[in-house]
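Participant: model the structure of this input:
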Amino acid sequence: MEKTIDKKQTEAYAIVKFLAFALADKNHNYEAMQFIFNDGVKTMATDGRRLHIAYTSTILDPGYWKVLSNTKTGIKLIQVDSTDFTYPNVERVIPTNCYITLDVPVRDANQMLYEVILEIKAPINFHYIEALQMDTYVVDSWKLSHSNTISDTIKLEALTKKTAVLLHAIIKPMRLNK
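Facilitator: Just a heads-up that it's a prediction; the model follows:
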């Protein structure tokens, strides 16, 4: 089954675009990481270094979805058979013990997140922050949470304005060679 999320469906389009941003490329070893997955409660995508979750099951039906095209006017997806692989257990990578939290307005997200991440000395790929640049009519701000240990995962969360869908962006820091 094919589905197109038109850009005019502003919030749905922004959520699917956010999810698609975290997909692994077609050369990734683990095939499941090339798909958006809906487990009936949440919809998610990961490339193994970052994880994007939207706690909604209303945009896409449960199952695996492949992005066919992602253009300025919309995102075209196709639902695929999932019998050959299993989606990774993502619950275990979502941090729970965070000691640092702050709100980052969407309009300033790139600069503020860059400064915060430099301050906590978390070595991350700053390309991952691009997915957080949503229009302010979708979300107002991201809440950043971190445990203040450079090897720990960074958690960002936001609520969409229109339907209050909880979004998570989980970013694992890069490994540093000693």
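
Participant: domains in the protein, as residue ranges please.
Facilitator: The chain breaks down by automatic domain parsing into domains covering 2-82, 95-171.

Participant: wait, which of the ones you listed is closest to Pro88?
Facilitator: domain 2-82 (6.6 Å; C-beta to C-beta). Backbone N, C-alpha and C define where each C-beta goes, glycine included.

Participant: mind checking the pLDDT average for the closest one?
Facilitator: Averaging pLDDT along domain 2-82 gives 86.

Participant: surely Ala158 and Val139 touch.
Facilitator: Yes - if you go by C-beta atoms under 8 Å, Ala158 and Val139 touch, sitting 4.3 Å apart.

Participant: ranges for the helices of the chain?
Facilitator: For the chain, applying DSSP state H gives helices covering 10-21, 109-119.

Participant: format the domains of the chain as TSV; extra columns: mean neighbour count and distance to Pro88.
Facilitator: Putting the domains of the chain into TSV (neighbours: other C-beta atoms under 10 Å; distance: least, C-beta to C-beta, whole Å) gives the following:
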stretch	mean neighbour count	distance to Pro88
domain 2-82	17	7
domain 95-171	16	12
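
Participant: ok, which of those domains comes nearest Asn89?
Facilitator: domain 2-82 (10.8 Å).

Participant: residue nearest the centroid of the protein?
Facilitator: Taking C-alpha atoms, centre = their mean, the centroid of the chain lies closest to His52, which sits 2.1 Å from it.

Participant: beta partners for it?
Facilitator: Beta-bridge pairing for His52 (DSSP bridges): Ala45, Ala169.

Participant: which ones are touching it?
Facilitator: His52 is in contact with 18-19, 21-22, 44-46, 131, 167-170, counting by C-beta atoms under 8 Å, 6 or more residues apart in numbering.
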